[in-house]
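*Asks:* The sequence and its predicted three-dimensional model are supplied below.
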Amino acid sequence: MASSSASSEVSVPVSTGWMNWKDVFLQCVQPMIAVVLLLRFSSIVDEAGFTTTILLVFFTFLVSLVTGWSACTVVSRKSSEVGFVKTMLAYSSTEFALSFSIVYMICLLVATSTFLTSAAEAVLHIFSTFSLELLDGATHDLRLVSSVLSLVTLGLCLVRSRNARYARSFIFALTCIAIALHLSSVMFRYGEYQLRRVSDRNAMIPSPPNDEITTIFSQLFPAAMCGLTILNIGSKLQNTAPRGALIAIAVSACFYGAAAMLDYVEFFARTTNATNMHGTNEYNEFLSYMYTTVPVAIVVSLACVLSAVTTLKYTAVILQSLGRSSQCRCILWLSKGYSKRDIPIRCLFILSTIQILISAIGSYDILCIPITVFYLFAYALFNFYVFLVKLSDPDIPSPPTLLSLAISGACFLASIYTNRHLALLIASIFGISYCFLLYVIRQETNEDGEECAKSMYPTVLEQMHELQQEPDSRRHYHPQILLLSGSPAARPGLVDFAHSITRGKSLLICGYIIPQNPCGRSYLLQLKIDKQINDWLRVREVNAFGAAICCTRQAQGANILLQTAGLGRLRPNILMVGFKTGWEKQSKEVISEYYGMLSNAFDKQVGLIVFRNDISGFDVTSSIRKNGAPINDDEELADYVDR
């Protein structure tokens, strides 16, 4: 389903280097496996049981896999778009795309707060190891540290680093080492890393009970928050890039499954060998503090801050794109970008302020509930829309219709079961925004109830500017042909052959050199011929443009067309002409003009195609007119041919 209304979003400059599947893998897997260090798998297995934990892990990553599959399908079809909003606008209707973008923006904002709160918990865990307190040793300390980390995150979003890819790879390597330490500590029984819960003293909301299945599920599900991440990347993707998102989901599922399995084995050993552990308590505690607790807490902080930087950037870009859409003029002041990278500074400051307020609510155990509900609702909406699109176009390589519908229903029911009040809140936000946007769009209809035809001019002009600014590394060769056909109706075979080369995927211009000096009368004739050419091309379903000029000399006219035809990067790089039949009977001046057209192509450094059709040539004028009268009284066809 194509968007019914175009957005006025301005193109954001992108990096000249495309992202391959490894880059996408790092961006997707980092937030997913960073959460594994925040979970208390021992308590999860103890409270929920091993079977329930495995089922929760399976459901979490099944939802993430199906959603990621659908997102990869969208990106593969709409890879030329930049950013989440533009990709959704190209894939879906305007009202759904913008309202869903609002829901997803809220999800990312809460995710940013959750990451920074988790990083603050890790910092406080280090402080508690050395018996340090800032304010109250509880919630106030958490708010203070998370606010400082929020400012650090904001600064990192504003600063451009050419080594960001290497920093991300380094932190990912540290995260993997920390996970290995965590799993090995469980396996070899020398203690494990367990993040100390912050006291509820001075908290706005008390922590939920740890033995409830909804709490356990909420602590686990944020690991699946990267199902739609690839939609934020857009046109910087290579063809193999979607593979990275699916590999990230599979790797994260393996990490979580291994963590649950080893915690189950450790729990079994703890209950059976409790009498044999007394003599090694001090040694295990020493190893746990020296080799796992502090280093792993540092890695948790770095990984969570890096994930927060990524999600905050995505959130700011989505808000900026919403401000640039024609349906959200009320936030137009947020659309302004700064510097050559079009940094959404205003959006970053506003979102950082809101994020600090959200982080003040409480710890990870509290914030994991709204983020789980919001992401479940977003996944339910996205998979349901993919289900509808799949019904209308079965050839789309998206998940099977029943699978998308089942995942959508399961996510919706899970969001209600987790917290029905938060599910109602996010559903109300989506419903209100959807109805408002639908009302705004319908205001643009006429009195008869038919939608007013919108001009494609702004969208096409915007895309022309984007094409002009496209970096060299993304350029591909396209045969853009200037065909000197004269009247296309007189040489349909030549036009059809040229169209078989371009096939509507590249530029084709049918040039007509009118043998007259430019004057007021010739300009009127030029306009008439332009209309005739374009009408003929439209009737024949030939994706080409007509270009008629007045010039008494053919070679000079061809040179003018080579210099002026086209716009921006849509300029001819190939000159195509028909072979001059009966050249041996022509005068020297005619042959010289024909040779001049060919030499102009070499002087202009464009390709040259000379197409020959045996002896008869391509001109079928004699088959349409005879002695000035149309053959078979075909006036419509004869009108296209100029004698």
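*Replies:* Yep, it's here.

*Asks:* number of nearby residues for the residue nearest to Val317 when sequence neighbours are not counted?
*Replies:* Residue nearest to Val317 in three dimensions, not counting chain neighbours: Gly83, with 5.7 Å by Cβ to Cβ, 6 or more residues apart in numbering. Glycine gets a C-beta too; all of them are placed from N, C-alpha and C. Residues near Gly83, counting by other Cβ atoms under 10 Å, number 25.

*Asks:* I'd assumed Ala316 was in contact with Gly83.
*Replies:* No. Using Cβ atoms under 8 Å as the test, Gly83 is too far from Ala316 to be in contact (11.0 Å).

*Asks:* Regarding Val577, what is its secondary structure?
*Replies:* Following DSSP: H, G, I helix; E, B strand; the rest coil, we place Val577 in the strand state.

*Asks:* show me the contacts for it.
*Replies:* Contact analysis of Val577 by Cβ atoms under 8 Å, 6 or more residues apart in numbering lists Leu483, Leu484, Met597, Leu598, Leu608, Ile609, Val610, Phe611.

*Asks:* And for Gly568?
*Replies:* For Gly568, the contact set (Cβ under 8 Å, 6+ apart) comprises Met464, Leu467, Gln468.

*Asks:* The first one contacts Glu470, doesn't it?
*Replies:* Looking back up the chat, that one is Met464. No. Counting by Cβ under 8 Å, Met464 stays clear of Glu470, with 10.7 Å between them.

*Asks:* Which positions within the longest helix that the chain contains qualify as buried?
*Replies:* If you go by DSSP state H, the chain has its longest helix at helix 94-129. Along helix 94-129, these residues count as buried under the neighbour rule (16 or more other Cβ atoms under 10 Å): 94-128.

*Asks:* If you drop the residues flanking it in sequence, what lies closest to Ile609?
*Replies:* Distance criterion Cβ to Cβ, 6+ apart; nearest residue to Ile609, sequence neighbours excluded, is Met576 at 4.1 Å.

*Asks:* That neighbour: what's it in contact with?
*Replies:* Ile481, Leu482, Leu483, Leu484, Ala498, Leu608, Ile609, Val610, Phe611.

*Asks:* And the pLDDT for it?
*Replies:* You'll see Met576 listed with a pLDDT of 89.

*Asks:* could you measure it against Arg491, distance?
*Replies:* 11 Å (Cβ to Cβ, to the nearest Å).

*Asks:* how about low-confidence regions in the stretch 101-250 of the chain?
*Replies:* 160-163, 182-197, 199, 210, 234-241 (pLDDT under 70).

*Asks:* redo that, cut-off 80
*Replies:* 125-126, 128-138, 159-168, 171-172, 174-212, 216, 219-220, 222-227, 229-245 (pLDDT under 80).

*Asks:* just the helices in it please.
*Replies:* Ranges of helices in the stretch 101-250 of the chain, per DSSP state H, counting those that start in this stretch, are 139-158, 164-187, 213-220, 241-272.

*Asks:* Looking at those, which is nearest to Val57?
*Replies:* Counting by Cβ to Cβ, Val57 lies closest to helix 241-272 out of the helices of the stretch 101-250 of the chain; the figure is 4.9 Å.

*Asks:* Isn't Phe374 up against Leu422?
*Replies:* Yes. Using Cβ under 8 Å, Phe374 is in contact with Leu422, at 7.3 Å.

*Asks:* More neighbours: which of the two?
*Replies:* Neighbour tally, Phe374 and Leu422, criterion other Cβ under 10 Å: the higher count belongs to Phe374, 25 against 19.

*Asks:* what about that one, distance to Cys107?
*Replies:* Distance from Phe374 to Cys107, by Cβ to Cβ: 5 Å.

*Asks:* quick check: angle from the host helix or strand of Thr315 to helix 94-129?
*Replies:* Secondary structure assigned from DSSP states H and E places Thr315 in helix 294-324. Angle, helix 294-324 to helix 94-129, by axes from the mean of the first three to the mean of the last three Cα atoms, to 10 degrees: 160 degrees.

*Asks:* Now do the buried residues in helix 294-324.
*Replies:* Under 16+ other Cβ under 10 Å, the buried positions of helix 294-324 are 294-297, 299-324.

*Asks:* before we move on, what about stretch 254-263?
*Replies:* The neighbour-count check on stretch 254-263 (16+ other Cβ under 10 Å) flags Phe255, Tyr256, Ala259, Ala260, Met261, Leu262, Asp263 as buried.

*Asks:* so which of these would you say is closest to Ala547?
*Replies:* Comparing the buried residues of stretch 254-263 against Ala547 with Cβ to Cβ places Phe255 closest, at 60.1 Å.

*Asks:* I'd assumed Ala34 was in contact with that closest one.
*Replies:* No. Using Cβ under 8 Å as the test, Phe255 is too far from Ala34 to be in contact (10.6 Å).

*Asks:* Same list (the helices of the stretch 101-250 of the chain) but as JSON lines, adding distance to Leu567.
*Replies:* As requested, the helices of the stretch 101-250 of the chain are exported to JSON lines (distance: least, Cβ to Cβ, whole Å):
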{"stretch": "helix 139-158", "distance to Leu567": "36"}
{"stretch": "helix 164-187", "distance to Leu567": "36"}
{"stretch": "helix 213-220", "distance to Leu567": "54"}
{"stretch": "helix 241-272", "distance to Leu567": "31"}
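
*Asks:* among those, which is nearest Val542?
*Replies:* helix 241-272 (34.6 Å).

*Asks:* Which ones among the contacts of Met576 map onto helices?
*Replies:* Among these, DSSP H puts Ala498 in helices.

*Asks:* Narrow the contacts of Met576 to just the buried residues.
*Replies:* Buried, going by 16+ other Cβ under 10 Å: Ile481, Leu482, Leu483, Leu484, Ala498, Ile609, out of the contacts of Met576.

*Asks:* what's near enough to touch the first one?
*Replies:* Spelled out, it's Ile481. Contacts for Ile481 were tallied using Cβ under 8 Å, 6+ apart; they are Ala498, Ile501, Thr502, Ser506, Leu507, Leu508, Ile509, Pro572, Ile574, Leu575, Met576, Ile609.

*Asks:* Quick check: closest non-adjacent residue to it.
*Replies:* Per Cβ to Cβ, 6+ apart, closest to Ile481 is Ile574, 4.7 Å.
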